[in-house]
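Student: Need the 3D shape of this:
(one chain, ligands or ions: 1)
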Amino acid sequence: PQYTVVVPAAGIGQRMQADRPKQYLTIAGKTILEHTLNNLYAHPQIKQVIVALSPEDEYFTHLPLANQPWVKRVHGGSERANSVLAGLDSIDDEDWVLVHDAARPCLAHDDLSKLLAIATHSPHGAILACRARDTMKRASSSQVILHTECRDNLWHALTPQFFPLQLLRSALTNALKQKVQITDEASAIEWADGKVHLVEGRSSNIKVTQPEDLQLAEFYLQHKVV
Ligand code: C5P
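Tutor: Residues are numbered from 1 along each chain as shown. Prediction:
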């Protein structure tokens, strides 16, 4: 089967301190967003990409892929969850849906395949994740260590995240209504007591967040497993 991916890209990416949203910074001759979208569509099980953009976005329309038939644009909302919901609302009739960060251009195709294969075994969905490798500290707001977290079952949540469409829609709608802070889609499902599986993926699937990540992403793109 083939699936649709919703890519929320309506944020402003303040942490990068650049003159434009981080997904429009360039790596190896293309914007991060182009790398991300092209890479998704190049996977044989992806049929469509829905990108949620800020209504004020002035960059996307100039990208060579902007008018490709497999790319659909929707207006994002004030929170990430609103942007994802806008994407979900533009999907007609599908059982499952993927959500992927605009700023993760280095996703390896075999990790995506692995995630898709798990779906039938996990009714509430699954996400790519990688194990915490550093020693993890819980600190006070003044940066004093309170204690060391046991690392054994700590994971970094990555994307793509893969859920039954209606379950994700109602979980996100509910999270917005309850005003719970969510930073990924799985959090909304967890909030609704769903059991989301972790699928171990590569740590090279980084979210380009800080200036130094640009060079790292370029390296991974050149050495990517597809
Ligand atoms: O790096 P961070 O977790 O802040 O990334 C949030 C993602 O959600 C970005 O890709 C951003 O474009 C997207 N977003 C969105 N709509 C918002 C806020 C963020 O699509 N209102």
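Student: Can you find which helix in the chain contains the most residues?
Tutor: helix 165-178 (DSSP state H).
Student: Show residues contacting that one.
Tutor: Here helix 165-178 makes contact (Cβ atoms under 8 Å, 6 or more residues apart in numbering) with 79, 81-82, 84-85, 88, 91, 94-97, 99, 124-125, 163, 182, 185, 187-189, 191-192, 194. Every C-beta, even on glycine, is put in place using the N, C-alpha and C of the backbone.
Student: So which bits of this protein are right by the ligand?
Tutor: 8-11, 52, 76-80, 83, 101-103, 183, 207, 209 (Cβ under 6 Å from any ligand atom).
Student: what about 5 Å?
Tutor: 8-11, 52, 76, 80, 83, 102 (Cβ under 5 Å from any ligand atom).
Student: how much space between the closest residue to Ala126 other than its chain neighbours and the ligand?
Tutor: Setting aside the residues directly before and after it, Ala126 is nearest to His197 in space (Cβ to Cβ, 6 or more residues apart in numbering), at 4.0 Å. To the ligand, His197 is 21 Å away according to Cβ to the nearest ligand atom, to the nearest Å.
Student: got a list of what His197 touches?
Tutor: So His197 contacts 118, 121-122, 124-127 (Cβ under 8 Å, 6+ apart).
Student: Show me the helices in this protein, by range?
Tutor: Under DSSP H, the chain gives helices at 32-41, 80-89, 109-118, 165-178, 185-191, 213-222.
Student: For the closest residue to Ser90 other than its chain neighbours, give its distance to the ligand.
Tutor: Closest residue in space to Ser90, ignoring its immediate chain neighbours: Val74 at 5.1 Å, by Cβ to Cβ, 6+ apart. For Val74, the distance to the ligand equals 10 Å [Cβ to the nearest ligand atom].
Student: For the remainder of this discussion, apply numbering that starts at 29.
Tutor: Okay, residue one is now 29; in that scheme the one you just asked about reads as Val102.
Student: ok, how many other residues are close to Val102?
Tutor: 20 (other Cβ atoms under 10 Å).
Student: Okay, and the beta partners of it?
Tutor: In this entry, Val102 is beta-bridged to Ala80, by DSSP bridges.
Student: my guess is it meets Leu113, correct?
Tutor: No. Applying Cβ atoms under 8 Å as the test, Val102 and Leu113 come out as separate, 9.7 Å apart.
Student: so where's this structure shaky on pLDDT?
Tutor: The model of the chain has pLDDT under 70 over residues 41-45, 254.
Student: Now compare the contacts of His225 and name the two farthest from each other.
Tutor: His149 and Ile155 (13.8 Å; Cβ to Cβ).
Student: quick one, which of the two is more surrounded?
Tutor: More neighbours surround Ile155 than the other of His149 and Ile155, with 26 against 8 (other Cβ under 10 Å).
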